[in-house]
Structures are given as structure tokens and as C-alpha cells.
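Colleague: just coords:
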């Protein structure tokens, strides 16, 4: 049986890696309050983020180093954000 998941939004964005701080091109899927990513559009899910209550998304209008529009996702139990850019 094949399961089909309907997303609210999906597409490619860059993700800043936590370990080395490099920007990596990933395919993102937003479904409700869950954001997941894949290395390729048809690849397996590689990571999932819960945008739960208390999670804050802040916009950074433009990152001068990359000339892209950027936002940060902050979870209530952490001090370091997860970065993404479009």
C-alpha cells in the first residue's frame, strides 16, 4: 500500500549545516507544523523539524554574504537557531 502525503508547500532552499556551518541545497516539505528535507526531490527524508507551539520564525531580510533572503527558526528549549535561505 502506498501512502501519499499532501504538503502545504515544498521546494528547494539552502540549509545551514549545524556541524560545519556550510550552506547546503535541500528539497523542503512543509506539512502542517512539520518541516522535512531531502537531499533530492525524490530522495528519502533526511531530517524533520517540529515547528511546535513556542517555536519562533524570524526573518532576516537579506544576508549580505550570500545575497539571499534568510530566516531563522528558534525553538523554545534552545539558544541556537537553525538557519535557512531561499
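Modeller: Structure received. Note that the coordinates shown come from a computational prediction; the quantities given were computed from them, not determined experimentally. Numbers count the residues shown, from 1 in each chain.
Colleague: In the host helix or strand of residue 25, which residues are buried?
Modeller: For residue 25, the host element (DSSP states H and E) is strand 23-31. The neighbour-count check on strand 23-31 (16 or more other C-beta atoms under 10 Å) flags 23, 26, 27, 28, 29 as buried. The way it works is simple: take the backbone N, C-alpha and C, and place the C-beta from them, glycine included.
Colleague: which residues of this protein score low on pLDDT?
Modeller: Along the chain, the model assigns pLDDT under 70 to residues 1-5, 59-70, 77-86.
Colleague: which stretches of it form strands?
Modeller: Along the chain, the stretches classed as strands by DSSP state E are 9-16, 23-31, 34-38, 45-50, 56-63, 68-74, 82-85.
Colleague: Adjacent strands (with direction) for the second one?
Modeller: Right, strand 23-31. Looking at strand 23-31 with DSSP bridges, its partner strands are strand 9-16 (antiparallel), strand 34-38 (antiparallel).
Colleague: Which among those strands is found nearest to residue 52?
Modeller: Nearest to residue 52 among these is strand 34-38 (9.1 Å), distances taken as C-beta to C-beta.
Colleague: Which positions in the closest one come out as buried?
Modeller: 35, 36, 37, 38.
Colleague: would you turn those into JSON lines with distance to residue 52?
Modeller: Below are those laid out as JSON lines (distance: C-beta to C-beta, whole Å):
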{"residue": "35", "distance to residue 52": "11"}
{"residue": "36", "distance to residue 52": "14"}
{"residue": "37", "distance to residue 52": "17"}
{"residue": "38", "distance to residue 52": "21"}
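Colleague: Show me what residue 50 bridges to in the sheet.
Modeller: On the basis of DSSP bridges, residue 50 is bridged to residue 34.
Colleague: was I right about residue 10 contacting residue 28?
Modeller: Yes - Residue 10 is in contact with residue 28 according to C-beta atoms under 8 Å; the separation is 6.2 Å.
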